[in-house]
Structures are given as C-alpha cells and as structure tokens.
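**Q** just need the structure, nothing else, for what follows:
(one chain, ligands or ions: 1)
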Amino acid sequence: MFELRERDGLARIGVLETPHGRVNTPALLPVVNPNQPVVPPRELADRFGAEIVIANAYILGKGSLRDAVLRDGVHRLLDFPRTVMTDSGAYQAHVYGEVDVTNREVIEFQRAIGSDLGTMLDPFSEPEHDRARAEADVEETLRRAREADGLRGGMALVGAVQGGLHEDLRERCAREVSSLGISVAAVGGVVPLLEAYRYRDLVRVLVAAKKGLDPSRPVHLFGAGHPLVFPLAALLGCDLFDSASYAKYARSGRMLFPQGTRRASELEESPCLCPVCSQHTIGELREDGRLLAEHNLHVCYGSIREVRDAILSGELWELVERRARAHPSQLDALRDLRRHNEFLEEAEPLARRGALYYVGPETAHRPILHRYRRRLRERYAPPPARGLLVLPEGPRPYAAHWGRIAERVLSAADVHLVVKSLWGPVPLELDHVWPLSQSLIPERPDFEALEGGGGGLLPRVGLGRGVSLRPAVGR
Ligand SMILES: [Zn+2]
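**A** Reported below is the predicted structural model:
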C-alpha cells in the first residue's frame, strides 16, 4: 500500500495507494470542515491539485450531516473525488471534552461512510503529563488500537502513537502499534508543542517514535500545518501533514510564509508569488478571508513541493539548516539533532549527489560527518611516520592544493600530512572520501565552526609519536 520511491536519511518520497487514488508523499492534507468549508473540496482537487483531504468523523457524525454522509458516503458529501482520511475526534475530546462516542463507534462509523483512511480514537497525552499518566494513556491507546484493528474490515487504519515527552513510552507505543494491522502511524499529542514553538521537544518525540516505528508505513504528524515545520518533520521521517492552519490563520487575518507568519494588516505588500498575491492587492487580501486562506494553501503546497524536491536532490539537511534561521526555537531544535546522531546515522546514505554546502556551524554536526569522524576514530590507523604535519583548512581537494608543498616536505622529513578541516582531521590519503573534497565552505570560517569539527580528534590520527610541525591553523 505504501511504496518507497526515494530515501534520504529518514526522509522519504513515497506513494500511498488508496481506493480513491494515489497520494504522493510527503503530502499535505487540508482539513475540511464539512459545515463551513473555506475552500470547497472540489476546488482543492481541481485548482490546488489536492490528492487527499482530511475531515473530522466526529463532526460528520453529528447533527444533520449524519444521515447524509451515511447515505451518500464521505466522498459525495464532501464532493471530493480523491483520497479522504477521517480523524476520530480525539483532539476535540481533548480540547472541548465533549466527545461522547466510543472507539468502536468511531471505527464503525468511518467504515460506514467509506473513509479511505480511518483513525482510531486515542486518548490525548499532554506534554506535561507525568510518567504514570502517560503510561496509562499508552496502555489505553494500545488497547484501542487492537480493538480498532479487529473492527477495521477492509478500511485502512491509522494507528496512534502517544507517550507524551517520555521517549521510552513513545518508542514502545510506536513499536506495538506497528505490529498491528495499521496502514499509517500517526504521531499524536504534539499540537501543544507546535503552538508553543517547542521544536526541541518535537525532535525528541519524533526520534523516539521513529525508533519504534516500522519503516515500511507512512507516518502522519497530527496538527503540523505550518510550513515552518515541514522540512524538519520530513527530515525526521514524517510523510503526512494535516493543516487546519490555512483556514484558522486566515480567519484571524494572518498569512503563512515558509519563514513564519505575518498579519496582513501589517504588510504594505505581499512578498509572495502565488496566484492570489499576484492578482490582488494586499488591501483586497485584508478584506477577504477566502483569499487569505487560498494564499495560505498555496504556500503550504509550495513548501511541501520544496521539501519533496530537497529530498530528491539530497539537500534536505541544507533546507532544514537554512529554515532554522527563521525562528530561534528552530535553531535550538537543529542544534539538538546532534544528540541523536547515533540513530540518525543508521539511515544515512554513503554519499549524496553533488557537493555538501556549508550553511552554518551546525553543518559540521550532520550525521554524515559524525559518521566520518567516528569511522576515523574506530577504523583508521595512521601510516608509520616520525611526525605529523597539520595543514590548515583551504581549497579542496586538499591533495591537489597541498600537493607541491607535500612533496617538498615529504622529501625532507618523515611526516604524516593531515588537514585540520571544518569536518574534522582529514589525513591527506582520505581526501577522496565523500564529502571531504566535495564540500563548499566559506573562505573565512567562523571560530565555532572550526571548533565544532572534531579538532579534538587530531591526536588520534598521529600526534604523540614524534615531532609535530604544526603551522598556525585557520588563519
Ligand atoms: Zn500568496
């Protein structure tokens, strides 16, 4: 049902097959409110190319809609010909405390209305919940997931991963939910983190969940509808993002941009290239919530396409590092990723297409460079020599740049040549290992970057066994 096309680290390009067509992932799922659709679902398909939308089963099952959706099915009711996922109302239960249906009823209802992807009703763990409470929620989530699996019939089931901020609970919940007959794993309980810009905690939660999840299933990140989050979440292996933000923000006069959010009332003009902003003045946008919602949708879809392109071209890390400059909390999250390098490295490819671009001091901590330094420590033995000559960072490939000096030095002294690079020490004979030569770095790297690249590894590649001829480094 889920076919992986390309992979870059944990990020992937895939195709999700459903009874109403294929969904290319990473994908955006606009949230459609059947009572008051801001943009009619038919237009989402025709004008925005939407392959999938998400609607709330709890809202569909209430009041006057109930009979119509049971009679006509969810696709006809929404007038959307492609894939429809339904959500169970767990979030409504959490926010309003008003959901009076059971897990069994929600699953049976979603089957009855012909949902392509139906979601179990999971309890919602707050990030602040202590361990005992989060653990009880995980137990209940797993009990309901097993129940939903038994009731799903032919419907593809979305299983929830809860566990709050407790990494071991997230991992366990992910592992056990993955062992059931689910088609999509949904990481839940993250909206409070997103609303408070707690991206470091989001990273913790996603890494823990990914450790337990079956990599052959797509991963949905519930409530992540802001383009600021897509690159980071995709980097950590999320494939589906539902967005109510496009409508919610439009209602309060706010415009989404890849870098953040702005009030239309504060803008003199829109910097955006979308059809809405190209054809309307900012004055017209301020007056019209529908136009704002359409702009927000264009930006969200554009960001998803940008993420897909970055995955295909092996540049997602660069995109995440660049985007992290948009908000200090994103930068915190980016810096925290290095704590998870042991895990992230397992999914790293041996090499990527093209060169590795330096974006900032964090670049040196990418998993691929972490791997290089680890292998240098564990697998590399320097050739026998009486001394070590440490060369400064400079134009690459180093062997070509330092070739003539190296020849002269080696004819006069028994030394081993090592470059103190931004990525760590590079013995000249390892120059060809990707991305050591295939890197673009600034001519004047900053001090933090120089220190970050594993300078402490230098002794391991040969110092301490003779005379050191060490010139000034990094000047
Ligand atoms: Zn626009």
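**Q** buried ones in the helix ranked longest in the chain?
**A** Longest helix of the chain, by residue count under DSSP state H: helix 289-312. Residues of helix 289-312 classed as buried: 289, 291-304, 306-308, 310-311 (neighbour count, 16 or more other Cβ atoms under 10 Å). Using the backbone N, CA and C atoms, a C-beta is placed for each residue, glycine as well.
**Q** ok, and of these, which contact the ion?
**A** His295 (Cβ under 5 Å from the ion).
**Q** tell me the helix or strand right after the longest helix of the chain.
**A** Sequence order places helix 316-323 as the next helix or strand after helix 289-312, per DSSP states H and E.
**Q** show me what that following helix is packed against.
**A** On a contact count with 3 or more Cβ pairs under 8 Å, 6 or more residues apart in numbering; DSSP states H and E, helix 316-323 meets helix 230-235, helix 289-312, helix 328-336.
**Q** now do the same contact list for the residue most central in space within the chain.
**A** Residue closest to the mean C-alpha point of the chain, counted by Cα atoms, centre = their mean, is Ala233 at 1.7 Å. Applying Cβ atoms under 8 Å, 6 or more residues apart in numbering to Ala233 gives the contacts 202, 206, 221, 224, 241.
**Q** I'd like the residues you listed as CSV, with pLDDT and distance to the ion appended.
**A** Listed next are the contacts of Ala233 as CSV, based on pLDDT from 0 to 100; distance: Cβ to the ion, whole Å:
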residue, pLDDT, distance to the ion
Leu202, 97, 26
Leu206, 98, 29
Leu221, 97, 24
Ala224, 91, 21
Phe241, 98, 19
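**Q** select from those residues the one having the most neighbours.
**A** Counting neighbours by other Cβ atoms under 10 Å, Phe241 comes out on top of the contacts of Ala233 with 29 neighbours.
**Q** so what's that one bridging to?
**A** As for beta bridges, Phe241 partners with Leu28, Leu221 under DSSP bridges.
**Q** number the chain from 151, please
**A** With 151 as the first residue, the last one maps to Phe391.
**Q** what is the neighbour count of Leu481?
**A** Leu481: 18 neighbours (other Cβ under 10 Å).
**Q** could you find the closest non-adjacent residue to it?
**A** Nearest residue to Leu481 in three dimensions, chain neighbours excluded: Ala474, at 4.8 Å (Cβ to Cβ, 6 or more residues apart in numbering).
**Q** how about the closest residue to the ion within the stretch 201-350 of the chain, what does it touch?
**A** The stretch 201-350 of the chain approaches the ion most closely through Val203 (20.5 Å), counting by Cβ to the ion. Contact analysis of Val203 by Cβ under 8 Å, 6+ apart lists 179-182, 191, 194, 228, 230, 232-235.
**Q** mind running it again at 6 Å?
**A** Contacts here follow Cβ atoms under 6 Å, 6 or more residues apart in numbering; on that basis Val203 touches 180, 182, 191, 230.
**Q** surely it is within a strand?
**A** Yes: secondary structure assignment places Val203 in a strand (DSSP: H, G, I helix; E, B strand; the rest coil).
**Q** and the pLDDT at it?
**A** Reported pLDDT at Val203 in the predicted model: 98.
**Q** for the ion, see how far away the residue sitting furthest away from the middle of the chain is.
**A** Farthest-out residue of the chain from its mean C-alpha position, per Cα atoms, centre = their mean: Ala562, at 52.8 Å. Separation of Ala562 from the ion (Cβ to the ion, to the nearest Å) stands at 65 Å.
**Q** quick check: phi and psi at that residue.
**A** Note on Ala562: backbone dihedrals following degrees, to the nearest 10 are phi -110, psi -20.
**Q** got the buried residues for stretch 274-288?
**A** Residues 274-275, 277, 279, 284-285, 287-288 are the ones in stretch 274-288 that count as buried (16+ other Cβ under 10 Å).
**Q** just give the number of residues close to Arg348.
**A** By other Cβ under 10 Å, neighbour count at Arg348 equals 19.
**Q** for Glu444, give me its contacts.
**A** Neighbour list for Glu444: Val426 [criterion: Cβ under 6 Å, 6+ apart].
**Q** next, count neighbours for the closest residue to Glu419 other than its chain neighbours.
**A** Distances taken as Cβ to Cβ, 6+ apart place Ile432 nearest to Glu419, at 5.3 Å, with adjacent residues excluded. Neighbourhood size, Ile432 [other Cβ under 10 Å]: 16.
**Q** repeat that for Phe152.
**A** Using other Cβ under 10 Å, the number of residues around Phe152 comes to 18.
**Q** what parts of the stretch 351-500 of the chain come near the ion?
**A** 422, 424, 426-427, 445.
**Q** 6 Å instead, please
**A** Contacts of the stretch 351-500 of the chain with the ion, taken as Cβ under 6 Å from the ion, map to 420, 422, 424, 426-427, 445, 448.
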